[in-house]
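Participant: Got a predicted structure plus its sequence, pasted below:
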Amino acid sequence: MREKFYIKIIRLILLSIFLIFSVFPLVWIFLTSIKPADEVYTFPVRYFPREPTLEAYRYLFSFANFGVYFKNSVMVSMTASIVSTYFALLSGYVLARKKFKFKKLLILALFFAQMIPSYLIMIPQYSMFSKLGLIDKLTGITIVYMGIGASFSTIMARGFFLRIPRSLEEAAMIDGCSEVSALFRITVPLMLPGISAVFSFSFVNTWNELFTAVLFLNSDRKMTVPVALYSFISKAGIKWNVLSAGLVVALLPTMLVFAFAQRFIIQGLTQGSVKEV
Amino acid sequence: MIPTLGLVGILSFYPTLKGIILSFQNYTVFTFNRIEFIGFDNYIEVFEDPVFPEIVKNTIFWILFSVLFQFLLGFSLALLMWKPFRGRGIYSGLVFYPWALSGFAIGLVWSWLLNGQFGVVNDLLMKLHIIRNNINFLSDPKKALFSVILVNVWYGIPFFAIMILAALQSIPRSLLESADIDGASGITKLFKIVIPYIKPTIVNTILLRIIWVMNFPDIIYGMTRGGPADSTNILSVYMINIAYYESNFSKSSAVGVIILSILFIYTTFYLKITSKGEFEI
């Protein structure tokens, strides 16, 4: 019994250390975001604001136009993730269920697509899109984002389909369902965890994407949240309380998606991309 | 299938091809109206850059230590979280959230936390009497690389922990119970049952992670942009810097092709040794 008690205590201590280590930056950002401007750079460091204020948030949404950027980001990320999730489902299904020539090669190609450094393809993409007149357009960046996670999402979706017994669909087809309606009536509902995982994964990735967006979007009203945060630092030094407020706001959607789909993401990452024995 | 193929084809493979072509040309801001093929000149220029050996060394350090500690700490965290406890759901939300952050923002925030003069980390360490003098985490070239690796470890622990935790939970209970009956100690169980059972997950996670870390300049870009004195410069940061500061897009593409080739060779090699039925794509 005694040994068990010791183990419990040690476990508790270690778990707390991990918690403090991971949460500490978040706490600091939050505390900074509710500090008035003159308390941000106090020396010695002051941890808790003497007069907490929402000044930074007010500045963010009025003067810094953050509302517009937020809306842009939501639109771009949502559209791109929904479309790429849809495509990933269809292709994942085909790759899991059908037998055809070059299938192995295709899967391998999707796998290798993940190794391409995004910076290598950014400039060719830029010239492609400028020929189409899609630079500095939210449509353009949305299309680029659809491609970003496409390969990984497809591989993930395929993994999910592999786990669902084929016999279920066959039974439905015997009962008179067409293949497509079997897919949408039987398999897709079973796939819900997989769908949320693929969706959240591409949402998080597109929401945070910075470098392509910086290159593609240059007018003020077209910026996404990461680009806006990036521009805060170049414009005459960093206003840390405002930047912190921006970071807190930028975190909300991904935290929300994460909290909602965490279980599924975990399943998705492990079952989708990795085979267990 | 066609839409995905189209997307990946048009948005990844075609630009990659263009990028490779670009790397053999002389496309800079100054020459955009007379682009010519110049053979391997860009590559030669990269290889002859006096800082290139250091960049390669930094890249190896960056990958090796980042992935090693991400794995070790992620594995420990997963083991600690294995047995259910009250509040595990909330706990995992709080511990895993770094995964959902943007790399650049992480870099920015940490560069502030680690600041040598008014950084919070220094202040805390002083207050806890762990150090006497401020540490110049980022401005000292000898320490900067380890500071950025520390941050990357912070960012990467959740990923490993998530993957390994899920694998741990798939271990059949009966297997562990029978080991208990046989009187196996905790450590024996860990090495004889747990690790062999989840080995495929470990192997695949490390493989994926190395590829991602190699292509992940965001944190360093947010913290140091490769400085001071190139002490945190890695290949992917070097590539961006060439494109942004020298505006030499062909040379930066050449670096990109080098990165891609290294990853290609690495992956092929890796798959060869580990693909005894374990790897599934």
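Facilitator: That came through, no problem.
Participant: Which residue would you name as the spatial centre of the chain?
Facilitator: The chain I'm using is chain A. Centrality entry for chain A: nearest residue to the mean C-alpha point is A:V204, 0.7 Å, by CA atoms, centre = their mean.
Participant: wrong chain, I was asking about chain B
Facilitator: B:V213 (2.0 Å).
Participant: Read off the pLDDT value for that residue.
Facilitator: With respect to pLDDT, B:V213 scores 90.
Participant: how close does it get to B:P196?
Facilitator: 26 Å (CB to CB, to the nearest Å). Heads up, the C-betas are built off the backbone N, CA and C, glycines and all.
Participant: And for B:K127?
Facilitator: 45 Å.
Participant: swap in A:S127?
Facilitator: Distance, A:S127 to B:P196, using CB to CB: 51 Å.
Participant: on that earlier part again, touching, the residue nearest to the centre of chain B and B:L68? I think so.
Facilitator: No - using CB atoms under 8 Å, B:V213 and B:L68 do not qualify as a contacting pair, with a distance of 10.8 Å.
Participant: returning to that earlier point: what sits against the residue nearest to the centre of chain B?
Facilitator: B:62-63, B:66-67, B:152, B:156 (CB atoms under 8 Å, 6 or more residues apart in numbering or on different chains).
Participant: Highest neighbour count among those?
Facilitator: The most crowded member of these, judged by other CB atoms under 10 Å in any protein chain shown, is B:N152 (27 neighbours).
Participant: my hunch is that that one is in a helix, does that hold up?
Facilitator: Yes - using DSSP: H, G, I helix; E, B strand; the rest coil, the assignment for B:N152 is a helix.
Participant: neighbours of B:G89, just the number please.
Facilitator: With other CB under 10 Å as criterion, B:G89 counts 12.
Participant: likewise A:G149?
Facilitator: The number of residues packed near A:G149 is 25, by other CB under 10 Å.
Participant: Assign a three-state SS to the nearest residue in space to it that is not next to it in sequence, would you?
Facilitator: Nearest residue to A:G149, sequence neighbours excluded (CB to CB, 6 or more residues apart in numbering or on different chains): A:S202, at 4.0 Å. For A:S202, the assignment made with three-state DSSP gives helix.
Participant: residues near A:S202, how many?
Facilitator: Neighbour count of A:S202, defined by other CB under 10 Å: 26.
Participant: Is the helix or strand containing B:F69 positioned near chain A?
Facilitator: B:F69 belongs to helix B:52-82 when assigned by DSSP states H and E. Yes - using CB under 8 Å from any CB of the partner chain, helix B:52-82 reaches chain A at B:73, B:76-77, B:80-81.
Participant: Most neighbours among those residues, which one is it?
Facilitator: B:L77 (26 neighbours).
Participant: Could you report the separation of the residue nearest to the centre of chain B from A:A80?
Facilitator: 24 Å.
Participant: try A:K137
Facilitator: Distance, A:K137 to A:A80, using CB to CB: 14 Å.
Participant: In terms of neighbours, single out the busier of the two.
Facilitator: Neighbours per residue (other CB under 10 Å) separate A:K137 from A:A80, with A:A80 holding more: 26 against 16.
Participant: The helix or strand encompassing the more buried one vs chain B: in contact?
Facilitator: Counting by DSSP H and E, the element that carries A:A80 is helix A:66-97. Yes - against chain B, helix A:66-97 shows contacts by CB under 8 Å from any CB at A:84, A:87-88, A:90-91, A:94-95.
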